[in-house]
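**Q** Pasted the sequence and its predicted model underneath.
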Amino acid sequence: MKKVIFSSFIFSFLTSIIIAQTFDGFALYNKSNNNTAYLIDKNGNIAHTWSCNVACNYAVLLKENGNIVRGGKYSNNQLGGAAEGGMVQEIDPNGNAVWEFIYSNSDHCSHHDITLIGDNVLLTAWEVKSTSELTQAGYNGASSEKWPTHLVEIEQNGTGGQIVWEWHIWDHLIQDHNSSKDNYGVIADHPELIDINMIQSSGGGGGNSGDWFHVNGVNYNSDLDQIAFSSRHASEVYIIDHSTTTAVAATHSGGNSGMGGDILYRWGNPSNYGASGQQIITAAVHDVRWITDDGRPNGGYLQLFNNSGGSGNHSAIDAIQTPVNGYTYSLTTGSAYSPSTYTWRHDCIDDASGQSAHNRMSNGNTFVNLSGGQGSAGYMYEVDSNDNLIWQYNGGGPAKAFRYECAHPGIIALLNNPCGVNVSEILEEDISIYPNPSSGIFTISGLEKYEEYTLSVIDAYGRVIKDDINSNVFDISSFAKGIYFIKINKENDSVFKRISLLK
């Protein structure tokens with residue numbers, strides 16, 4: 001049964017309820033079309049604000065150095081639609097732009113979500129395809145241009161940025177409409193490809209239904225070097241390989257998975273690829289992400305905001321244990337990807353028809369941000385593992401908000417260790433390596449406060465291939481492409497960090 005607890009309340013600022021475990025940490029948000037980002041503590045007090053020079057379009061994230069990264073709404077966008085952005089910025093604690101990158105012209109525009117890949121930022125973006133291109137690709141009934149989504153990874157370059165990796169839905173299509181056109185094949189035989197005709201009615205920009213797939217959430221898994229994204233109009237979530245080059249990402253082979261840029265895994269709507277099975281994501285889906293695999297409950301599961309797939313068509317947070325098998329996912333030919341239903345579910349205490357966000361805390365608590373607008377609830381809350389409400393706050397219904405625990409390096413750096421965390425216990429989280437993946441040259445940050453340390457590079461077989469490095473920059477470009485580990489030695493402590501070497 002739906003648990004309606006607070007929908008009748010009018011929040012003017014804050015309602016805080018402690019029923020079980022104490023909320024320990026901070027929440028970060030920036031309302032769409034608003035220039036100010038807020039970090040609040042467990043009592044609803046504003047711990048820090050960033051007054052930025054452009055409005056946020058959707059999401060804001062905290063980096064380990066205490067800066068924030070946010071999608072911005074560029075003033076000269078030529079493409080317009082839901083959560084249009086056009087730029088990304090890194091902002092220091094004083095509100096100054098450390099660097100920014102504009103991704104907007106008449107052919108493409110960033111939109112909706114962002115995620116961090118080391119120090120790089122991954123954007124979701126539209127690209128324009130004409131009616132003639134659509135027809136040649138096998139689309140049935142192209143009467144106007146469409147804007148399929150692609151992903152672009154941005155690396156800082158001075159005060160600007162540069163694209164270092166791309167992936168395009170357009171490169172991974174199939175159709176059974178017209179044998180004389182591109183991408184023709186049997187859809188049920190190719191779950192790794194996306195049926196160009198599976199979505200015939202949708203909203204958004206680009207004239208008549210241009211925002212075709214309406215990709216609205218993206219997340220990165222550094223352990224697998226894979227990316228997950230969610231599509232509102234497909235009612236489905238997807239996983240792709242990130243270990244490829246841009247060129248390989250446009251193909252059907254290569255990378256850790258051996259599948260190039262093809263779909264490694266998909267879940268929520270089996271009919272999209274001609275498989276039988278229950279449609280668990282019945283309509284909109286947002287904010288797909290992996291639960292951190294560090295010993296917390298359901299670590300490594302894929303979690304998503306199922307807008308109306310819960311009990312009685314209400315909003316739910318669903319987590320699934322994917323059939324991961326190395327760098328691919330097991331699938332019985334002719335069947336849908338497992339699991340057949342959610343592995344774990346939290347029925348939200350109120351509803352949100354769009355946007356929204358969530359994450360799982362280290363103690364097993366679940367944080368939920370219910371976006372505002374479209375009749376949505378418009379507040380954030382946290383429940384414990386028994387679904388007891390322990391905290392809630394009205395931030396005006398931002399599209400996304402996230403919890404950051406006291407031990408997060410960004411909180412320690414920004415607020416000067418406000419919770420008195422023993423910094424030596426978070427050495428591993430305090431260290432970042434970038435760019436990662438890299439073609440050979442890596443930089444380590446977070447070791448500046450240590451007077452003595454050495455680094456070693458270890459291959460996937462446990463062999464030391466480079467030893468006694470005493471610089472925060474090292475070069476392993478002479479070694480073969482693959483996964484390596486950096487061993488950081490400080491006095492009697494050792495920490496291992498995973499890196500990917502590309503060629």
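**A** Looks like it came in fine.

**Q** residue contacts, residue 421?
**A** By C-beta atoms under 8 Å, 6 or more residues apart in numbering, residue 421 lies in contact with 406, 407, 412. Bear in mind the C-beta positions are built from the backbone N, C-alpha and C, glycine included.

**Q** so of those, which ones are in strands?
**A** Residues of the contacts of residue 421 located in strands (DSSP state E): none.

**Q** Write a ChimeraX command that selects only the buried members of those residues.
**A** The buried residues among the contacts of residue 421 can be selected in ChimeraX (16 or more other C-beta atoms under 10 Å) with this line:
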select :406,407,412
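
**Q** quick check, nearest of the contacts of residue 421 to residue 228?
**A** Nearest to residue 228 among those, counting by C-beta to C-beta, is residue 407 at 24.7 Å.

**Q** Give the buried residues for stretch 283-291.
**A** When burial is assessed from 16+ other C-beta under 10 Å, stretch 283-291 yields the following buried residues: 284, 285, 286, 287, 288, 289, 290, 291.

**Q** Take those and keep only those in strands.
**A** Those of these mapping onto strands are 285, 286, 287, 288, 289, 290, per DSSP E.

**Q** Do I have it right that the fifth one meets residue 303?
**A** Going back to what we said before, that points to residue 289. Yes: assessed by C-beta atoms under 8 Å, residue 289 is found in contact with residue 303 at 5.7 Å.

**Q** overlap in contacts of those two?
**A** Between them, residue 289 and residue 303 share the contacting residues 358, 359, judged by C-beta under 8 Å, 6+ apart.

**Q** hmm, back to that, any chance of the ones in strands among the buried residues of stretch 283-291 in CSV, plus pLDDT and distance to residue 156?
**A** Output for these, formatted as CSV (pLDDT from 0 to 100; distance: C-beta to C-beta, whole Å):
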residue, pLDDT, distance to residue 156
285, 96, 31
286, 97, 28
287, 97, 25
288, 98, 26
289, 98, 23
290, 98, 24
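
**Q** want to throw the residues you listed into CSV with distance to residue 24?
**A** Putting those into CSV (distance: C-beta to C-beta, whole Å) gives the following:
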residue, distance to residue 24
285, 30
286, 26
287, 23
288, 26
289, 21
290, 22
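
**Q** Among these, which one lies nearest to residue 219?
**A** Nearest to residue 219 among those, with distances taken as C-beta to C-beta, is residue 289, at 4.0 Å.

**Q** Got the phi and psi for the residue nearest to the closest one when sequence neighbours are not counted?
**A** Residue nearest to residue 289 in three dimensions, not counting chain neighbours: residue 219, with 4.0 Å by C-beta to C-beta, 6 or more residues apart in numbering. When read as degrees, to the nearest 10, the backbone of residue 219 gives phi -150, psi 150.

**Q** so where's the protein shaky on pLDDT?
**A** For the chain, applying pLDDT under 70 flags the ranges 1-23, 201-209, 422-430, 449-451, 460-462, 490-494, 503.

**Q** May I see the buried residues of stretch 311-331?
**A** Neighbour counts over stretch 311-331 (16+ other C-beta under 10 Å) mark 314-320, 322, 324, 327-329, 331 as buried.

**Q** An error on my part: the question was meant for stretch 129-142.
**A** For stretch 129-142, the buried set under the neighbour-count rule, 16+ other C-beta under 10 Å, comprises 129, 134, 136, 137, 138, 139, 142.

**Q** who's in contact with stretch 243-261?
**A** Applying C-beta under 8 Å, 6+ apart, the external contacts of stretch 243-261 come out as 165-168, 171-172, 192, 224-226, 240-241, 262, 264, 327-328, 437, 483, 500, 502-503.

**Q** What is the neighbour count of the nearest residue to residue 300 once chain neighbours are set aside?
**A** Distances taken as C-beta to C-beta, 6+ apart put residue 293 closest to residue 300, at 3.9 Å, once the chain neighbours are dropped. By the criterion of other C-beta atoms under 10 Å, residue 293 has 13 neighbours.

**Q** secondary structure class for residue 293?
**A** At residue 293 the chain is in coil, as set by DSSP: H, G, I helix; E, B strand; the rest coil.

**Q** go on, residue 170?
**A** At residue 170 the chain is in helix, as set by three-state DSSP.

**Q** how about the helices in this protein?
**A** For the chain, the helices defined by DSSP state H occupy 131-136, 246-249, 409-415, 427-430.

**Q** nearest to residue 211, of these?
**A** Nearest of the helices of the chain (C-beta to C-beta): helix 131-136, 14.3 Å.

**Q** Alpha carbons of that closest one, as PDB, please.
**A** C-alpha atoms of helix 131-136 as PDB (Å, rounded to 0.1, in the frame of the first residue of the first chain):
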ATOM      1  CA  THR A 131      14.600  13.300 -42.300                       C
ATOM      2  CA  SER A 132      16.700  11.900 -45.200                       C
ATOM      3  CA  GLU A 133      19.200  10.500 -42.700                       C
ATOM      4  CA  LEU A 134      16.400   8.900 -40.700                       C
ATOM      5  CA  THR A 135      14.800   7.400 -43.800                       C
ATOM      6  CA  GLN A 136      18.200   5.900 -44.900                       C
END
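
**Q** what's in contact with it?
**A** 142, 143, 144, 145, 146, 181, 182, 196.

**Q** and the fourth one, how far is that from residue 213?
**A** Taking C-beta to C-beta, to the nearest Å as the measure, residue 145 and residue 213 are separated by 14 Å.

**Q** Neighbour count: the two, which is higher?
**A** Remark: of residue 145 and residue 213, residue 213 carries more neighbours, 25 against 17, as counted by other C-beta under 10 Å.

**Q** Neighbours of the residue nearest to that one when sequence neighbours are not counted, how many?
**A** Among residues not flanking residue 213 along the chain, residue 231 sits closest, at 4.6 Å (C-beta to C-beta, 6+ apart). Residues near residue 231, counting by other C-beta under 10 Å, number 29.

**Q** Next: residue 162.
**A** 12.

**Q** Do I have it right that it meets residue 121?
**A** No: using C-beta under 8 Å, residue 162 is not in contact with residue 121, being 11.5 Å away.
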